[in-house]
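> whatever this is, show me its structure:
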Amino acid sequence: MMRRAWLVAMLFAAVLPARAEVYELPPPGFDVIGALASVTARYDDTLVDVARSHGLGYQDIVLANPGVNVWVPGEGAEIRLPTRFVLPPGPREGLVLNLAEYRMYYFPKAEQGQPAYVYTYPISIGRMDWETPLGLTKITAMAKDPAWYPPQSVRDEHAADGDPLPRIVPPGPDNPLGTRALRLGLPGYLIHGTNRPAGVGMRVSHGCIRMFPEDIEFLFQRVGVNVPVRIINAPVKIGWDGEELVAEIHPLLEASQKSLVEGSVQQVDKLDADIESLAVSAPGKDPLTQVTEQFITVTAERAGQLDWDIVELLVKRSDGIPETIGTSIKNAATSAASE
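Alright, predicted model coming up:
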């Protein structure tokens, strides 16, 4: 069984702050990065602490460790780290935000003569009543130590809860934008830090994307205006790891189909057919249908076969941990499984 982590973060340890997760992009025929790992909890650890120190968010760590107490895992408890990922479908360029897995991928342009890399970070996304829109946009502005101008709808919500907000929240520890903000071409939406890092990896924002403070500060140094940003909802990802087909399946996001369609069509300048399919169609389809569609896509030029028993177990788990679900086949014409 071929297992290639392509993890190069240790090579950057002297120059990268915090826990930036950096992987060398795999060669053609490979769509999987990282490797599963585990750590032993100390007496004062929480799952949230462990997640943050290993480039994971709340949802990542909780789904990977069912039955483990989030706040008191207990000294000596074995904590599973879901640090293996199937790369998201579509072009590997700019920022790709997959809402279903609460995760961002950054594909910077490779320098001349150097290998290409991918950076990945956990994110928070919009609540059900403040959904993050889907589609293709770009970074239009960047701000260090931004002031926050809460929109009237947010001020009204806070006022109704007895927590009135001023018109302007200056930079500082009380600013929910944190120390860095990237403005998107979608009006009113940002990628920014947070003064409440425990919520990263949850569905808690008013539609913006939140990151750990150290992650947004690291990213801020490496992106620029006009970097493309693709926001998708892909709970099912399937890719090749050598001769193996690997699937990563996440829980479906609860959402209004109407709001997702409006977000992807009205607020986005351009959508190609693949992006539109992911943005609009996926939320209303059951995971097995999405597995079938992803399988057809990834085997369009290279035949493969699935073990549907494993697929059904993986769909039932929906814990975001990649699993081998099939293999390549050399002669598709003789295999009924490829039909």
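
> any regions of the stretch 1-150 of the chain where pLDDT drops low?
1-20, 129, 150 (pLDDT under 70).

> mind listing the strands for it?
21-24, 32-34, 37-40, 78-81, 84-86, 94-98, 103-107, 117-122, 125-126, 135-144 (DSSP state E, counting those that start in this stretch).

> could I get those as CSV with distance to residue 54 and mean neighbour count?
To be clear about C-beta, it is placed using only N, CA and C from the backbone, and glycine gets the same treatment. Listed next are these as CSV, based on distance: least, C-beta to C-beta, whole Å; neighbours: other C-beta atoms under 10 Å:
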stretch, distance to residue 54, mean neighbour count
strand 21-24, 8, 20
strand 32-34, 11, 25
strand 37-40, 7, 13
strand 78-81, 5, 17
strand 84-86, 12, 24
strand 94-98, 19, 24
strand 103-107, 13, 22
strand 117-122, 10, 23
strand 125-126, 20, 24
strand 135-144, 27, 18
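
> which of these sits closest to residue 66?
Of all those, it is strand 78-81 that lies closest to residue 66, at 9.6 Å by C-beta to C-beta.

> can you say which of the strands of the stretch 1-150 of the chain is nearest to residue 68?
Of all the strands of the stretch 1-150 of the chain, strand 78-81 comes closest under C-beta to C-beta, at 7.0 Å.

> the helices in the stretch 201-339 of the chain, which residues?
213-220, 257-266, 273-276, 287-298, 308-317 (DSSP state H, counting those that start in this stretch).

> ok, residue 169 touching residue 175?
Yes. Residue 169 is in contact with residue 175 according to C-beta atoms under 8 Å; the separation is 5.2 Å.

> more neighbours: these two, which one.
Using other C-beta atoms under 10 Å, the more surrounded residue of residue 169 and residue 175 is residue 175, with 19 against 16.

> list phi and psi for that one.
phi -90, psi 120 (degrees, to the nearest 10).

> give me the pLDDT for it.
Residue 175 carries a pLDDT value of 88.

> report the contact partners of it.
Residue 175 is in contact with 146, 147, 148, 169, 195, counting by C-beta atoms under 8 Å, 6 or more residues apart in numbering.

> residues near the last one, how many?
For residue 195, the neighbour count with other C-beta under 10 Å is 15.

> that one looks like it's in a strand, true?
No. Assessed with DSSP: H, G, I helix; E, B strand; the rest coil, residue 195 is coil; it does not lie in a strand.

> any idea how far it is from residue 52?
Per C-beta to C-beta, to the nearest Å, residue 195 is found 15 Å from residue 52.

> related to what we said a few turns ago, and the strands of the stretch 1-150 of the chain as CSV, adding distance to residue 326?
Shown next, in CSV, are the strands of the stretch 1-150 of the chain (distance: least, C-beta to C-beta, whole Å):
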stretch, distance to residue 326
strand 21-24, 23
strand 32-34, 13
strand 37-40, 24
strand 78-81, 24
strand 84-86, 13
strand 94-98, 22
strand 103-107, 23
strand 117-122, 24
strand 125-126, 30
strand 135-144, 30
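
> go through those strands and name the closest to residue 67.
Short answer: strand 78-81, nearest of those by C-beta to C-beta, at 11.2 Å.

> what pLDDT does residue 152 get?
Here the pLDDT value assigned to residue 152 is 70.

> likewise for residue 331?
Listed pLDDT for residue 331 reads 67.

> which members of the contacts of residue 175 are the farthest-apart pair?
147 and 195 (13.6 Å).

> OK, contacts around the closest residue to residue 202 other than its chain neighbours?
Once flanking residues are discounted, residue 202 sits nearest to residue 58: 5.0 Å by C-beta to C-beta, 6 or more residues apart in numbering. For residue 58, the contact set (C-beta under 8 Å, 6+ apart) comprises 47, 48, 51, 102, 122, 198, 199, 200, 201, 202.

> so which of these is the closest to residue 152?
residue 199 (23.4 Å).

> quick check: the gap between that closest one and residue 51.
12 Å.

> now residue 154, what's its secondary structure?
Put simply, residue 154 is helix when judged by three-state DSSP.

> for it, which non-adjacent residue is closest in space?
Among residues not flanking residue 154 along the chain, residue 206 sits closest, at 5.7 Å (C-beta to C-beta, 6+ apart).

> surely the one you found touches residue 127?
Yes. With contact defined as C-beta under 8 Å, residue 206 reaches residue 127; the gap is 7.2 Å.
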